[in-house]
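> fold the stuff below for me.
(2 chains)
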Amino acid sequence: MPPQRADLGLLDDRDLLSRHAAGEADAFGELFRRHRDRLWSVALRTLGDPEEAADALQDAMVSAYRAAGSFRGDAAVTTWLHRVVVNACLDRIRRRNSRPTVPLPEVETESQRPPATDDIANTDLRLALASALATLSEEQRVALILVDVEGYTVEEAARALGVAAGTIKSRCARARARLLPLLRHLRESDTSGSSGNQSADSRVKVTTRQDRREGGMTAG
Amino acid sequence: MMIDPAASGPDTHLDPDRMADLYDGLLDHDAAEAGRLHLASCQRCADDFALIAFGSGLRDLLAPEPIPEAVAIRVEAALHREPPPAEPSAVPQHAGSASTWRARRFRLIGGLAGASLVIAGAFAGISALSSGGGTSASVSSGKGASSYSSAQGDSQAGRAPAAGSDAGSAMAPNALASPDSAAGIRARAEQLLKTSTQKTSAQSGPQSDAGSTEKAEAGGIACPPDGFQNTSPLGVTSITYQGQPAELLVYAKPGDDATAAVYVVATTGCTTQSPGHVLYSTEVPRR
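The predicted structure is shown next:
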């Protein structure tokens, strides 16, 4: 007797994937439902655009559905699914970049900057961090997502993106620097349990490239 | 690039981009030296520099974004349109492992020949396993692969398995289920249990049941799944699962007298001591 959905819900990911590969209906659907928020987050953060993220997620899930039989079990099923999603996102980025487009402006506009912590003192910092990710350049954002969120090694990310490892390190460092005010605030909130007196931190300005050309120090 | 001389002051800190420049080695000697001096004397900047250089901890800071319902529905609809999952193509056997498998298989089935022996289409009998006839695994593979166009992520996900037109039968919970299907595995496990029970009740030695290959071995299973190395199975039989040589093992589920744990374990590359790679697992009731 085929198991009911409630039965599938009791299985772990590996069992679900095995059952799917063995032909059991809805096993993969259960797997998707179980992890859909995280998989969606991967796509959204990597691509920075909900429409593209939806397309990539659909592509990735169909691909994983078809290729489940090739899953070798060397990694967690979630890791495998995440990588399928990342790969679908990178494919979309490559295709997009291969089309002639209007170049992005060299200097970010004010609206593209991550919000300084002063501006978000009373908002959810984590939401702000997610929003700030979208303000990074695509190169920096993708490198940061792969390494800091998805747990790729620098070398793996370099291979996935077809660049040198040093380039990944640099892009990650630049991205972290741009998010630093938010990251620092969250870090200190986590360690102190409260926001405490963060006024000095709050005044650290997020600089633009223009600012950097003009000098690098900010008073705290 | 210049470092503000005020960097050495107690109320000034390195700009994040400047720290990234320092990390990237883009600062000239004097600026880099000034930056390093500041880092040595300013804990906050040192912490920031470590964050920039070695990791943001972003993974722990970002909560999952709830998927929009419309996107979830769209993805589920796309999955629903897909044909049922197909049996993967037969895995080419490494020469060494194939011979190992054959040796084990011959041991288990008492010398019945047939490297190409694969389970007959119907699950109806473990006896079918030893019949030497039936459908080769390749019958259910290699068909329809071309119907899968280049889906995104295939390169990461791996080779898409072939979609056989008969894959639908794997979904059918009936007696004609594919041997590799969940229903087929469960049916075979139930048959093993039945045989095992008959043997136990009759207090007889291993009996030949129409040439069946199953037997209840007291330990020493070639490929025990993790956690069962020292447990005697209720039944074991040699099968081919998705093109791979495998053993179907049925164990009493610990703590549940009414349920049997069923494992399909790849027989290549495992020993009596190292756990076999579990290809599929399920449970069946013990009647």
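> could you list the low-pLDDT ranges of the chain?
Since no chain was named, I'll use chain A. A:1-6, A:99-123, A:189-220 (pLDDT under 70).
> I was after chain B.
Counting by pLDDT under 70, chain B shows low-confidence ranges at B:1-11, B:85-183, B:196-222, B:242-243, B:269-275, B:287.
> mind doing that once more with 50?
Low-confidence segments of chain B, defined by pLDDT under 50: B:1-6, B:88-177, B:202-219.
> show me what the longest helix belonging to chain A is packed against.
When chain A is parsed with DSSP state H, its longest helix is helix A:165-192. Here helix A:165-192 touches helix A:125-135, helix A:138-144, helix A:154-161, helix A:199-202, helix B:16-24, helix B:43-54, helix B:58-61, going by 3 or more CB pairs under 8 Å, 6 or more residues apart in numbering or on different chains; DSSP states H and E. Where you see a C-beta, it was placed from the backbone N, CA and C, and this is true even at glycine.
> can you say which of those is nearest to A:Arg66?
helix A:154-161 (20.9 Å; CB to CB).
> thinking again about what came up before, give me whichever of the helices and strands packed on helix A:165-192 is most buried.
Among these, the stretch with the highest mean neighbour count (mean count of other CB atoms under 10 Å in any protein chain shown) is helix B:16-24, at a mean of 24.
> run through the neighbouring helices and strands of the next helix or strand after that one.
Reading on from helix B:16-24 to the C-terminus, the next helix or strand found by DSSP states H and E is helix B:29-41. Using 3+ CB pairs under 8 Å, 6+ apart, the elements in contact with helix B:29-41 are strand B:12-14, helix B:16-24, helix B:43-54.
> can I get the ones you listed in TSV with distance to chain A?
Shown next, in TSV, are those (distance: least, CB to the nearest CB, whole Å):
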stretch	distance to chain A
strand B:12-14	5
helix B:16-24	4
helix B:43-54	5
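> check contacts around the closest residue to B:Arg59 other than its chain neighbours.
The shortest distance from B:Arg59 to any non-neighbouring residue, by CB to CB, 6 or more residues apart in numbering or on different chains, is to A:Val149 (5.0 Å). By CB atoms under 8 Å, 6 or more residues apart in numbering or on different chains, A:Val149 lies in contact with A:42, A:45, B:58-59, B:62.
> now the two most distant members of those residues.
A:Val42 and B:Leu58 (12.6 Å).
> I'd say A:Ala27 and A:Leu16 touch.
Yes. At 4.8 Å, A:Ala27 counts as touching A:Leu16 under the criterion of CB atoms under 8 Å.
> intersection of neighbour lists for those two?
A:Leu8.
> identify the residues contacting the spatially closest residue to A:Arg38 that is not a sequence neighbour.
Excluding its sequence neighbours, the residue lying closest to A:Arg38 (CB to CB, 6+ apart) is B:Pro64, at 4.8 Å. B:Pro64 sits next to A:37-38, A:40-41 when contact means CB under 8 Å, 6+ apart.
> do the same with B:Asp24
A:170, A:173.
> any idea which of the helices and strands packed on helix B:29-41 gets closest to A:Trp80?
Using CB to CB, these put helix B:43-54 closest to A:Trp80, at 26.7 Å.
> let me know the angle separating that closest one from helix B:16-24.
60 degrees (axes from the mean of the first three to the mean of the last three CA atoms, to 10 degrees).
> give me the helices and strands touching helix B:43-54, please.
helix A:165-192, strand B:12-14, helix B:16-24, helix B:29-41.
> tell me which two of the contacts of B:Pro64 sit farthest apart.
A:Arg38 and A:Trp40 (7.3 Å).
> neighbour count: those two, which is higher?
A:Trp40 (24 against 16; other CB atoms under 10 Å in any protein chain shown).
> which residues touch the residue nearest to the more buried one when sequence neighbours are not counted?
Spatially, and ignoring its direct neighbours in sequence, A:Trp40 is nearest to B:Ile67 (3.7 Å; CB to CB, 6+ apart). Applying CB under 8 Å, 6+ apart, we find B:Ile67 in contact with A:36-37, A:39-40.
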